[in-house]
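Visitor: no sequence for this one, just the structure:
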């Protein structure tokens with residue numbers, strides 16, 4: 001795979017005190033522009049939940065990205081950056097009424113919903129706004145599945161959008177999410193095919209939706225990935241299904257992981273090398289709580305590729321278990337990191353593709369702080 005950070009880049013970072021995250025502006029922009037390359041005329045609304053570090057938001061804001069926002073707290077960050085409200089979508093299907101009002105007062109006019117109660121809440125707190133209904137789709141091929149918690153059955157689309165119109169809202173569109181780290185190249189296409197009949201029925205009652213929101217789920221390659229879909233392959237299948245619809249609404253996407261995951265690395269120092277009954281362990285100065293949450297053994301259990309910052313002295317490689325610095329038994333990053341066999345205390349490890357869902361869910365467990373963040377292109 002193509003390395004985002006070259007050996008020269010890593011050498012420049014070697015002097016920094018660990019642990020720290022480093023991000024490549026160049027890679028963030030490359031990933032962002034790929035959507036426009038493969039999805040004609042698509043509008044990108046970056047999902048802030050993946051990584052809400054201000055320098056990353058500034059990069060995407062300058063590039064013209066919109067933002068999919070899930071809380072008033074995320075909105076506060078965008079307000080500080082003076083992001084225009086027409087480039088913000090309140091994408092959570094279920095929202096506190098006071099948050100809806102806060103978004104509306106800022107000027108946001110586009111809201112998601114997936115049930116009648118939420119629709120009525122939007123009508124009361126954001127009158128006249130654009131609304132899009134989120135449907136439940138098959139996400140069984142994805143690492144992180146959303147269909148249990150979010151989405152209405154596709155058979156409810158027409159009645160809900162009709163009700164939106166009755167409430168004085170604009171029945172703006174339909175959305176879905178195929179689940180994070182999707183492995184099925186047809187997942188988006190199959191979801192679009194579900195909309196053939198509802199779009200015809202909506203036309204019959206005088207409603208033509210303006211947008212079709214394809215959501216997120218676009219995968220990043222990790223060490224634990226059995227295979228990786230390309231965005232080009234996903235787009236080809238998706239556009240073929242889209243072009244068969246009765247008419248073609250504007251397309252929106254909400255990528256998060258795809259834009260930032262491979263743009264970030266974590267550099268961490270080995271604080272101990274220990275022999276255990278089942279093999280050797282390396283303890284590092286960042287772990288699952290403050291830096292690598294998705295590597296914890298739970299739904300998905302992401303395994304990151306790891307390399308040594310210094311070259312090996314021709315010692316060959318061996319498998320190590322990697323643990324974080326806390327006193328908790330769950331703080332295990334992996335049990336199968338292939339690294340130089342001569343690695344030892346004081347050496348630095350590079351953990352690749354950690355840009356998504358690492359900083360935003362970091363916790364100061366045992367007092368260990370969130371690692372600092374470096375924008376590499378600025379050093």
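Guide: Nice, I can see it. Please read these numbers as outputs of a predicted model, since none were measured by experiment. Numbers count the residues shown, from 1 in each chain.

Visitor: burial count for the nearest residue to residue 213 once chain neighbours are set aside?
Guide: Leaving aside its sequence neighbours, residue 213 sits nearest to residue 175 (Cβ to Cβ, 6 or more residues apart in numbering; 3.4 Å). All C-beta atoms are positioned from the backbone trio N, CA, C, and that covers glycine. The tally of other residues near residue 175 (other Cβ atoms under 10 Å) stands at 26.

Visitor: Report the separation between residue 175 and residue 134.
Guide: 5 Å (Cβ to Cβ, to the nearest Å).

Visitor: List the buried residues in the helix or strand encompassing residue 319.
Guide: Per DSSP states H and E, residue 319 falls inside strand 317-323. Within strand 317-323, the residues scored as buried using 16 or more other Cβ atoms under 10 Å are 320, 321, 322, 323.

Visitor: Quick one: list the elements packing against the helix or strand that contains residue 105.
Guide: Residue 105 is part of helix 97-106, with elements assigned from DSSP H and E. Counting contacts by 3 or more Cβ pairs under 8 Å, 6 or more residues apart in numbering; DSSP states H and E, helix 97-106 packs against helix 72-80, strand 88-90, helix 116-125.

Visitor: Tell me which of the ones you listed lies nearest to residue 243.
Guide: Nearest to residue 243, of all the helices and strands packed on helix 97-106, is strand 88-90, at 24.3 Å by Cβ to Cβ.

Visitor: Now do the closest one: distance to the chain's middle.
Guide: Its chain's C-alpha centre and that of strand 88-90 lie 15 Å apart, by Cα atoms, centre = their mean, to the nearest Å.

Visitor: so who does residue 373 touch?
Guide: When contacts are counted by Cβ atoms under 8 Å, 6 or more residues apart in numbering, residue 373 touches 20, 21, 22, 23, 53, 55, 359.

Visitor: beta partners for it?
Guide: residue 21 (DSSP bridges).

Visitor: gap between it and residue 81?
Guide: 16 Å.

Visitor: next one: phi and psi at the closest residue to residue 292 other than its chain neighbours?
Guide: The shortest distance from residue 292 to any residue other than its chain neighbours is 5.4 Å, reached at residue 333 (Cβ to Cβ, 6+ apart). When read as degrees, to the nearest 10, the backbone of residue 333 gives phi -80, psi -40.

Visitor: Give me the neighbour count for residue 333.
Guide: By the criterion of other Cβ under 10 Å, residue 333 has 26 neighbours.

Visitor: and the strand holding residue 319, what does it pack onto?
Guide: Applying 3+ Cβ pairs under 8 Å, 6+ apart, we find strand 317-323 packed against strand 279-284, strand 332-340.

Visitor: what's the farthest-apart pair in the contacts of residue 373?
Guide: Every pair of the contacts of residue 373 checked by Cβ to Cβ; the farthest is 20 and 55, at 13.5 Å.

Visitor: Show me which of the two is the more surrounded one.
Guide: The residue with more neighbours, out of residue 20 and residue 55, is residue 20; 17 against 14, by other Cβ under 10 Å.

Visitor: Tell me the helix or strand right after the helix or strand of the chain with the lowest mean pLDDT.
Guide: Least confident helix or strand of the chain, by mean pLDDT, DSSP states H and E, is strand 142-144 with a mean of 46. Once the chain leaves strand 142-144, the next helix or strand it forms, by DSSP H and E, is helix 157-166.

Visitor: what's the following helix or strand after that following helix?
Guide: Using DSSP H and E, the helix or strand that follows helix 157-166 in sequence is strand 170-175.

Visitor: show me where the stretch 151-300 of the chain has strands.
Guide: 170-175, 180-182, 211-213, 250-253, 264-276, 279-284 (DSSP state E, counting those that start in this stretch).

Visitor: possible to save those strands as a markdown table with mean pLDDT and distance to residue 230?
Guide: Formatted as a markdown table, the strands of the stretch 151-300 of the chain follow (pLDDT from 0 to 100; distance: least, Cβ to Cβ, whole Å):
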| stretch | mean pLDDT | distance to residue 230 |
| --- | --- | --- |
| strand 170-175 | 96 | 23 |
| strand 180-182 | 68 | 12 |
| strand 211-213 | 97 | 22 |
| strand 250-253 | 97 | 15 |
| strand 264-276 | 96 | 20 |
| strand 279-284 | 96 | 32 |
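
Visitor: Show me which of the ones you listed has the highest average neighbour count.
Guide: Stretch with highest mean neighbour count among the strands of the stretch 151-300 of the chain: strand 180-182 (a mean of 26; mean count of other Cβ atoms under 10 Å).

Visitor: Quick check: closest non-adjacent residue to residue 202.
Guide: Once flanking residues are discounted, residue 202 sits nearest to residue 158: 5.8 Å by Cβ to Cβ, 6+ apart.

Visitor: if I look at the one you found, how far off is residue 132?
Guide: Using Cβ to Cβ, residue 158 is found at 14 Å from residue 132.

Visitor: Give me the more crowded residue out of the two.
Guide: Shown here are residue 158 and residue 132; by other Cβ under 10 Å, residue 132 has more neighbours (27 against 20).

Visitor: wait, what's in contact with the more buried one?
Guide: Counting by Cβ under 8 Å, 6+ apart, residue 132 makes contact with 110, 111, 112, 113, 172, 173, 174, 175, 209, 211, 213.

Visitor: Contact partners for the nearest residue in space to the fifth one that is not next to it in sequence?
Guide: Once flanking residues are discounted, residue 172 sits nearest to residue 130: 3.6 Å by Cβ to Cβ, 6+ apart. For residue 130, the contacting residues are 109, 110, 111, 169, 170, 172, 173, 210, taking Cβ under 8 Å, 6+ apart as the criterion.
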